[in-house]
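A.B. asks: here's my sequence, what's the structure:
(one chain, ligands or ions: 1)
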Amino acid sequence: MRPSAHHRTAVARCQNAEMTDLEMGAAGELEAAFGPGTSAASGVAPGRVTLLGEHVDYVSGRIACMAIDLTLAVAVRPSADGHWRVVSDGHRVERPAPSMARDIGDRVFAAASALGRFGVVLPPLDIGVASRVPRSSGLSSSAALTAASLVAMLRLAGARLSSDDLVAAALIAEREIVGVPCGDLDPLAVVYSRAGSVLLLDCATGSRETRGWPWPEIGLVVASSGERHDVQGTGYRTRRAMAERACVTLGASGCQEIGDRWRDLPGELRAAGRHIATETRRTDAAIAALEAGDAHRLGVLVNESHESLSSDYRISTERLDAMTAAARRVPGCYGARLVGGGFGGSALALVDRSAADACAAAMAAAAIPDAGTWLIEPSAGVAVPAPDVVTSPT
Ligand code: GLA
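C.D. replies: Sure thing, here's the model as predicted:
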């Protein structure tokens, strides 16, 4: 079935009226790189962290996650000469068509091609990117780039998509066009998160719920290891393949059906099976801890998640193990784990706000120097700040 776009006929968004500083930055970078032209349309999207439920989205697991207040902006305008161009962080690419070349143009051009499947036809574009989401850090800069590109391009085209179609377009871009075998987590978190809330995803049923963050005095610190996480690498593909084989071997349609039967798996699949079976249960326990306001319990689950990802799923690194261990030694830290796809990226700590600086410093001391630390807040996904182009689910 071909999804439909709803073209706007009435009031177009005044393209500069509501621009954030970051959108202005993207538009400024565009003009500086490619010269003056027609005014740009822009879009913003956040990164995300997973609180619990890592590496279970592609086997129908349950996840607690949130968008974060590190965002990325994209500005787009028609190009004057029929070429497609992107500038990001001073790096430029240019080509005659929005094709894939394994460079910084890919995700932006993939977004444009994906919109074509929804009937949104775009002219060749000049595109500028400004980002506060560190790249390759496990914070979903790729999904943020895709979502911000989709929103900016919808604004330029004067078109709208439902939020479900926006997620579908992002997944087409990432899986079919860029070619990354990711699960549903990142675009769902980037689109559907609510400010001040944890988003609960059930990838078996497609259900989404939110729970308010229950502790004003407790926050989340993210520290980048400085090791680049690469979801396009073989590590992610092999883990996904093992998890899927574990389910098939047990005749389970997803990890929620495994229970304790991971014990029956052949040796080479047992550890992966145990990770996905226990991780989705930890998400349920984390939801109960959030509802009960039990930060100590949530911290234990966060630590257990890291141990499972490190020992059973083997996607941690020595540095991420050292960073999470360092965080746990700080008084006021409840728990710490790697976040995102692994093999590098970032660590996340649940910590008293009064101890956030000490926890960030402890993690930074174990990371590559100057990789970056952030006290993050649960933030709104793009469906909330972009009502002019993203409509409610169909
Ligand atoms: C990456 C993928 C997601 C998910 C996470 C791990 O971010 O894009 O689909 O699998 O890794 O939870």
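A.B. asks: helix, strand or coil for the residue nearest to residue 315 when sequence neighbours are not counted?
C.D. replies: Excluding its sequence neighbours, the residue lying closest to residue 315 (CB to CB, 6 or more residues apart in numbering) is residue 342, at 3.0 Å. The C-beta positions use only the backbone N, C-alpha and C, and glycine is treated the same way. Secondary structure, DSSP: H, G, I helix; E, B strand; the rest coil: residue 342 is coil.
A.B. asks: residue 373 pairs with what?
C.D. replies: Taking DSSP bridges as the rule, residue 373 bridges to residue 223.
A.B. asks: separation between it and residue 298?
C.D. replies: Distance, residue 373 to residue 298, by CB to CB, to the nearest Å: 21 Å.
A.B. asks: and if you look at residue 362?
C.D. replies: Using CB to CB, residue 362 is found at 20 Å from residue 298.
A.B. asks: neighbour-wise, which of the two wins?
C.D. replies: Legend: neighbour count by other CB atoms under 10 Å for residue 362 and residue 298, higher for residue 298 (27 against 24).
A.B. asks: that one belongs to a helix, doesn't it?
C.D. replies: Yes. Membership of residue 298 in a helix is supported by three-state DSSP.
A.B. asks: list the contacts for it?
C.D. replies: Residues in contact with residue 298 (CB atoms under 8 Å, 6 or more residues apart in numbering) are 51, 286, 289, 290, 334, 335, 350.
A.B. asks: narrow these to those in strands?
C.D. replies: Among these, DSSP state E puts 51, 334, 335, 350 in strands.
A.B. asks: which ones are touching the most centrally placed residue in the chain?
C.D. replies: Nearest residue to the geometric centre of the chain (CA atoms, centre = their mean): residue 140, 3.1 Å. Contact analysis of residue 140 by CB under 8 Å, 6+ apart lists 47, 48, 133, 186, 189, 190, 340.
A.B. asks: got the residues of this protein near the ligand?
C.D. replies: Counting by CB under 6 Å from any ligand atom, the chain comes close to the ligand at 50, 54-55, 57-58, 140, 182-183, 185-186, 231, 340-341.
A.B. asks: now render those as TSV, adding pLDDT, distance to residue 161 and secondary structure.
C.D. replies: Below are the residues of the chain next to the ligand laid out as TSV (pLDDT from 0 to 100; distance: CB to CB, whole Å; DSSP: H, G, I helix; E, B strand; the rest coil):
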residue	pLDDT	distance to residue 161	secondary structure
50	98	25	strand
54	98	28	coil
55	98	29	coil
57	98	22	helix
58	98	24	helix
140	96	20	coil
182	94	20	coil
183	96	21	coil
185	98	20	helix
186	98	17	helix
231	71	24	coil
340	96	26	coil
341	94	26	coil
